[in-house]
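Undergrad: I need the structure of the sequence given here:
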Amino acid sequence: MGDVAILAPILLEFKRKYPKRKISVLTKNEFAPLFSFIESINIIPIDFKADFRGLLGLVKLSLKIKTLKVDAILDLHNVLRTKILKLLLNNIPFRVINKGRDEKKQLIQGKIFHQLDLTIERYIRVFADFGFNLSMKEPAFPPPKKLPPRVTKMLKGYKKPYIGIAPFAAHGSKIYPLLKMEKVISALSKTNTVILFGAKGNESKITQRISREFSNVVSVAGRFALDEELILMSHLSVMLSMDSGNAHMAAMMGINVVTLWGVTHPYAGFIPYNQPMDNCLMADRERFPKVPTSVYGDKYPKGYEKAIWTISEQDIIEVITKKF
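TA: Numbering: from 1, shown residues only. Below you'll find the predicted structure:
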């Protein structure tokens, strides 16, 4: 989801600079709300499992794309599925993102250790290939919106400032230990309302438990639709997140985002949009010298799942406090 959220500010800038140009975005159903804040774009939600499954499904999707009568196609994913679509749509100008896979491989192998191009910069280059020059010098964010009624009702009695915390990620190596996170929550909730984000199921159960143990803490995990969560994020003073989709969603809404990095590293290019490097708190590489061990956090040597533990609670609290 993070890769998708990074595209939103680019589309905002595109519409600002090229208001007469029409653009369609094909994306998975569940990601469509990420672009609902952008006026005058055609969002085409796709359900690959139900409607466009397998090779025949891709043929069907290519026919659907042809009905759009587009002048150009920008592939910002560069996976097998889009490579097949490129073959099926060979009569339409097609540009593909360079994800820098070789550079990232060298980074995780320890052959290099420096900042690689940001994902947003790689996206911008694909637009530039068709003559659309997007400088992104002025940050582009969705216009402010009032909190939805359901969110307002849940937050009744909780006062601003709101601090968001998204304590989960797809892989355990990217999750800050809950006992340490609870110390952060305890400190921040003394003078702020802490709002916990997460998914339905186990994440919701954990955040509900935490919200019962501390004052001024509320869990919204699994409670709202994605578009409602995004609006809520826009009302936060700061978001604390793992290296996960929540970090990128909060960043696209124009707020300060503090991120925690375990076996992954900002040098791979996934720093949230418009965030300074000092918002990124990283594992101690003196104790865990092989960091980053992977781009997505799914691969790491034994014991490296604890790399993120080396980030101190006090450092997190101090960085967040400075954001006000």
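Undergrad: checking Val194 next. Helix, strand or coil?
TA: Using DSSP: H, G, I helix; E, B strand; the rest coil, the structure places Val194 in strand.
Undergrad: hmm, I typed the wrong one, I wanted Phe14.
TA: helix.
Undergrad: next one: Leu107
TA: helix.
Undergrad: next, count neighbours for it.
TA: Residues near Leu107, counting by other Cβ atoms under 10 Å, number 22. Where you see a C-beta, it was placed from the backbone N, CA and C, and this is true even at glycine.
Undergrad: same question, Tyr296
TA: By the criterion of other Cβ under 10 Å, Tyr296 has 17 neighbours.
Undergrad: for Leu26, helix, strand, or coil?
TA: Put simply, Leu26 is strand when judged by three-state DSSP.
Undergrad: before we move on, which element is the closest residue to it other than its chain neighbours in?
TA: Excluding its sequence neighbours, the residue lying closest to Leu26 (Cβ to Cβ, 6 or more residues apart in numbering) is Ile44, at 4.8 Å. Element membership for Ile44 (DSSP states H and E) is strand 42-46.
Undergrad: equivalent analysis for Lys66, please.
TA: helix 54-67.
Undergrad: tell me which other helices or strands that helix touches.
TA: helix 80-88 (3 or more Cβ pairs under 8 Å, 6 or more residues apart in numbering; DSSP states H and E).
Undergrad: residues making contact with the helix it packs on?
TA: Under the contact criterion Cβ atoms under 8 Å, 6 or more residues apart in numbering, helix 80-88 has outside partners Phe48, Leu55, Leu58, Val59, Leu61, Ser62, Ile65, Ile73, Asp75, Phe94, Val96.
Undergrad: any idea how far the fourth one is from Ala268?
TA: Just to be clear, that refers to Val59. Distance, Val59 to Ala268, using Cβ to Cβ, to the nearest Å: 34 Å.
Undergrad: can you point out the buried residues in stretch 99-106?
TA: The neighbour-count check on stretch 99-106 (16 or more other Cβ atoms under 10 Å) flags Lys99, Gly100, Glu103, Lys104 as buried.
Undergrad: cool, and stretch 14-33?
TA: By 16+ other Cβ under 10 Å, the buried positions in stretch 14-33 come out as Phe14, Lys15, Ile23, Val25, Leu26, Thr27, Phe31, Ala32, Pro33.
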